[in-house]
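J.: Sharing a model prediction with you, sequence too.
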Amino acid sequence: MAYDYTGYGKSNGSPCEENCYADIEAAFRYLMEVRRLQPEQVVLYGRSLGSGPSCYLASRTAREGRSVAGVILQSPLLSAYRVAFNFRFTMIGDKFPNVDYAPYIKCPVLVVHGTQDEVVPFWHGQDLFLALPQPWRAKPFWVEGAGHNNIEALLRPSGAFVDKLVEFLDVHVSARRGRIQPPVIVPECVPFGQ
């Protein structure tokens, strides 16, 4: 399932951290209540700023005792302020403090980051990886020479990007191995003609 955050893409409203958290909560609630999925069947995918809501929800579900199945973080940030400044701790007013959520995540996490990222420095991905509890760290995917917006394009000819995602799901996500019941089919979610 994909969705836009409030104020981004085609969504109305004003973009802010609280709205992003409310949006991922609403999407997750839809998957649990309407589609009747289990948290163990959900893999969160957060890219760039989207790493914030994904880390938030992964840590929240872990604290509640029903962790999501996994998290994929592409070009993640430690926190918003840290993109511009190398603070050692979270400052008052900082947004999307992923580094503070990471220690509470209790599911496999794949971090993907380009080594030449010109927007979110590569060391953000490295430090966020190290902030995760060791048992939940999947082998990171450092994409040599990739920037912030070209990882998929750079790896498309070889198929390496998709291969790495499939490998993560196959190795680390138990629902992928058939241990969880399939989701409830919701008519408005089935493509026309099926």
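T.: Received, thanks.
J.: Let me know the secondary structure of Y8.
T.: Recorded secondary structure, Y8: coil (DSSP: H, G, I helix; E, B strand; the rest coil).
J.: Give the burial count for it, as a bare number.
T.: Neighbour count for Y8, taken as other C-beta atoms under 10 Å: 15. Heads up, the C-betas are built off the backbone N, CA and C, glycines and all.
J.: Report the contact partners of it.
T.: By C-beta atoms under 8 Å, 6 or more residues apart in numbering, the contact set of Y8 is P15.
J.: Look up phi and psi at it.
T.: Per-residue torsions, Y8: phi -120, psi 160 (degrees, to the nearest 10).
J.: A22 against Y5, yeah?
T.: No: the criterion here is C-beta atoms under 8 Å, and A22 misses it with Y5 at 9.3 Å.
J.: if you count what's nearby, which of the two comes out ahead?
T.: Y5 (22 against 14).
J.: phi, psi of that one?
T.: According to degrees, to the nearest 10, Y5 has phi -80, psi 150.
J.: can you pull the pLDDT of it?
T.: According to the prediction, Y5 has pLDDT 90.
J.: my read: it touches D23, true?
T.: Yes: contact criterion C-beta under 8 Å: Y5 and D23 qualify, at 5.0 Å.
J.: overlap in contacts of those two?
T.: 11, 53.
J.: who's in contact with stretch 39-50?
T.: 5, 20, 24, 28, 31-32, 52-55, 57-58, 61, 66-77, 96, 119-120, 148, 169, 173-175, 180, 183.
J.: Between the two ends of it, how far is it?
T.: 19 Å (C-alpha to C-alpha, to the nearest Å).
J.: ditto for stretch 154-166
T.: Stretch 154-166 has an end-to-end distance of 18 Å (C-alpha to C-alpha).
J.: what comes up buried for it?
T.: Buried residues in stretch 154-166, counted by 16 or more other C-beta atoms under 10 Å: 154-155, 161, 164-165.
J.: would JSON lines of those residues with secondary structure and pLDDT be doable?
T.: Converted to JSON lines, the buried residues of stretch 154-166 look like this (DSSP: H, G, I helix; E, B strand; the rest coil; pLDDT from 0 to 100):
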{"residue": "L154", "secondary structure": "helix", "pLDDT": "95"}
{"residue": "L155", "secondary structure": "helix", "pLDDT": "96"}
{"residue": "F161", "secondary structure": "helix", "pLDDT": "97"}
{"residue": "K164", "secondary structure": "helix", "pLDDT": "96"}
{"residue": "L165", "secondary structure": "helix", "pLDDT": "96"}
